[in-house]
Each structure stands twice: as C-alpha cells, then as structure tokens.
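Asker: Build me a model:
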Amino acid sequence: MLSRCAISVANTGEIACDKSRGVLKKIMIFNGSVAADDRTTETELFNYLVTCSKLSKSASNKLFVINEAQDIVDASEANTEGTLGLGFKAVIREGRPAYTVKIMGGADLLKRLRTFNNQTIRLFEWDANSTLWGTKSGTNFKGFQAKLFFTGNKLATGQNIEEGVITFTLSIISTSEYFDNTYWANLDGNNIEDIVPLIDVPLAFVSNSSNVHKISIKVLDSNLIEPFNIYEDNGAAIAALAADFSAKSGAGDPTTALPITSIAVDAALELLTVTYDNTAYGTATGNLKLMPPTPQELDDADVTGIELLETTYEKPA
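Answerer: Residues are numbered from 1 along each chain as shown. Below you'll find the model as predicted:
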C-alpha cells in the first residue's frame with residue numbers, strides 16, 4: 001500500500017507525515033509522465049522508473065539517470081525586493097532555485113551529458129532519504145522544468161579534487177512547480193542503482209561476402225586508437241538474440257523486410273556475422289537497415305548497461 005499519514009497532531013495543524021527534501025543523491029532527466037495507473041504502489045512506481053531507464057533513447061518516456069552527486073551548492077537567485085517611500089519592503093519577484101552539482105565522470109560521459117546543455121528538460125530529484133520529488137500536471141506525475149549545463153574535463157591543477165569531476169548547473173524554471181506543486185514518494189527499500197544509464201553501442205558494417213556481413217559492436221568513445229569493443233563481454237549473448245534482430249532493404253530509409261538467416265560470432269575478428277536470406281538479399285536494392293534487440297530485450301538476456309543502435313548502409317556492390 002502507499003504510505004499514508006499515520007495521524008494528524010491534534011489541534012496543532014501539523015501533519016505527522018510531512019516531508020522535507022533531503023541531500024541530493026541523483027537527478028533523473030524524464031520528459032515523459034507517470035500516469036496514476038502506473039503508481040498505485042511505491043513498488044509499482046519504482047519499477048516503472050526502472051523500465052523507463054531501459055527504454056531506447058528515442059522513446060518518449062525514456063529516463064536518463066545522472067551519476068550520483070558528490071557535492072552540491074545552493075546557487076539560487078536572490079529575491080527581488082521593492083521598497084515604498086516610507087520604508088515598507090516587499091518581495092516583488094521570487095528568485096528561482098538553482099544548484100551547482102559535482103559528479104564523477106570522464107571525457108566520454110561529459111560528451112553525452114553536454115547534449116542536454118541549455119535544453120529545457122524535466123527532471124526528478126532522488127534524495128538521500130530515498131524520496132523521489134516531482135510535480136503533477138492533472139493526474140500525471142512529472143519532473144520539474146529545468147535547464148542544465150555541464151562542464152568539465154579541464155586540466156587538473158593539483159590544488160583540489162579536479163580530475164574526473166564533472167560540474168553541472170541546475171536551474172529550475174517554475175517556482176510554482178518546485179515549491180507550490182511539489183509531490184513526493186518515499187521509495188525506501190528500493191535500490192536506486194536498478195535505475196541504470198545506458199551506453200550507446202552503434203552497429204557498424206565492416207565487410208561482406210555476398211549475403212554474409214560482418215558487423216562490429218563498438219562504443220564510440222574518445223580513444224583515438226581503438227574504440228572499446230564489447231565483443232568479449234557480450235558478443236555471444238548478443239548473437240544468441242538473433243530472433244530479436246530484424247532488417248530491411250530499399251532506397252533511402254528502407255521499408256522492405258529482409259529476413260535474417262542467422263547471427264553468429266566471429267572470434268577471430270571479434271564481431272558479429274550476420275547472414276541475410278540469400279534469395280531476398282539477391283533482389284534487395286539501395287540500402288540495408290539492421291535493427292538490433294531493444295535495451296529491455298538485451299537486459300532480459302543479461303546484457304546490461306548498453307543500447308545497441310541500428311545501422312543503415314548502402315548495399316555493397
């Protein structure tokens with residue numbers, strides 16, 4: 001059952017189950033919404049968030065979780081005050097909440113996070129008391145409107161802890177959402193680490209012999225010499241999901257189904273061998289589009305923490 005107020009303190013106007021925000025633990029970017037039917041219990045709400053974190057990044061309800069906060073500073077805007085001639089002072093505009101947060105991460109993570117810079121997004125707060133904070137629109141539970149800006153990966157000076165530190169500013173757009181229309185859920189007993197970030201792993205055409213194509217599975221990281229290959233850790237498990245792959249052929253963005261006969265591992269080259277149906281391949285023209293299993297299908301096969309990205313390439317001559 002959902003947590004309820006145990007009792008109202010008699011004649012005081014106080015509510016025994018009132019909540020205050022705790023120390024920030026994680027920020028979750030979530031531009032979707034949680035319908036009432038998906039949060040009838042704390043466990044259902046938490047499981048919904050876990051599911052959303054494992055969606056493809058193109059999904060409308062995709063949840064992106066940011067690494068755990070290591071330092072947070074209140075950088076909120078001051079209230080704007082006005083004074084009448086005889087001294088009466090009033091707040092004429094409330095300052096917007098803002099924070100400076102530090103997390104741990106390197107150059108690759110920073111590149112991905114900076115794609116959110118100056119975008120208007122919505123976010124949930126998860127505090128150290130395992131309480132989730134957000135707002136509501138109608139009956140839908142949503143994140144607060146905010147803007148983020150990420151910086152980092154500068155040369156360390158040796159004067160402080162700087163190496164591997166990413167700093168971001170979090171600026172709340174609507175004070176009414178953040179203060180007057182805030183809602184919370186106590187998710188104590190649930191493991192925040194089950195809400196996972198996913199690393200992009202693009203499929204890429206390497207070579208072919210007729211209808212037998214070699215496809216790489218490498219993270220496009222910042223390593224100049226060689227991108228990180230997930231073959232050793234996940235190649236066999238991904239190949240075992242052959243039934244969850246699909247392909248198409250045709251001009252531009254292909255639309256004609258192209259059956260896949262098999263997917264196997266190539267241990268020597270450390271990549272996948274994708275064999276298309278020989279007859280269908282013979283009549284295929286234009287481009288080939290190879291679509292991988294979804295993040296949830298990968299997760300169900302114990303291939304965790306990654307999202308395979310589809311690839312479209314011209315059919316080799």
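Asker: wait, isn't T169 in contact with D74?
Answerer: No - the pair T169 and D74 does not pass the contact test of Cβ atoms under 8 Å, sitting 11.6 Å apart. To be clear about C-beta, it is placed using only N, CA and C from the backbone, and glycine gets the same treatment.
Asker: more neighbours, those two?
Answerer: With neighbours defined as other Cβ atoms under 10 Å, T169 and D74 compare such that T169 has more, 17 against 8.
Asker: So for the longest strand that the chain contains, could I get the coordinates as CSV, restricted to C-alpha?
Answerer: The longest strand of the chain (DSSP state E) is strand 199-209. Taking C-alpha atoms only, strand 199-209 is exported to CSV below (Å, rounded to 0.1, in the frame of the first residue of the first chain):
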residue,chain,number,x,y,z
ILE,A,199,25.8,3.4,-23.1
ASP,A,200,25.3,3.8,-26.9
VAL,A,201,26.8,0.9,-29.0
PRO,A,202,26.3,1.5,-32.7
LEU,A,203,26.2,-1.4,-35.0
ALA,A,204,28.5,-0.8,-38.0
PHE,A,205,29.1,-2.6,-41.3
VAL,A,206,32.7,-3.8,-41.7
SER,A,207,32.8,-6.1,-44.8
ASN,A,208,30.9,-8.8,-46.6
SER,A,209,31.0,-11.8,-48.8
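Asker: buried set for it?
Answerer: For strand 199-209, the neighbour count (16 or more other Cβ atoms under 10 Å) marks 199, 201-205, 208 as buried.
Asker: Direction included, what does it pair up with?
Answerer: Using DSSP bridges, the strands paired with strand 199-209 are strand 212-219 (antiparallel), strand 306-309 (parallel).
Asker: Show me where this protein has its helices.
Answerer: All helices of the chain, identified by DSSP state H, fall at 42-53, 107-113, 175, 231-239, 278-283, 295-300.
Asker: Leaving out the residues flanking it, which one is nearest to K218?
Answerer: Closest residue to K218 apart from its sequence neighbours, by Cβ to Cβ, 6 or more residues apart in numbering: P227 at 4.1 Å.
Asker: what sits against the one you found?
Answerer: 218-221 (Cβ atoms under 8 Å, 6 or more residues apart in numbering).
Asker: Please identify every residue contacting each of T169 and D74.
Answerer: Residues touching both T169 and D74 (Cβ under 8 Å, 6+ apart) are 98-99.
Asker: Surely I166 touches I103?
Answerer: Yes - with contact defined as Cβ under 8 Å, I166 counts as touching I103 (5.2 Å).
Asker: For those two, list the residues in contact with both.
Answerer: N67.
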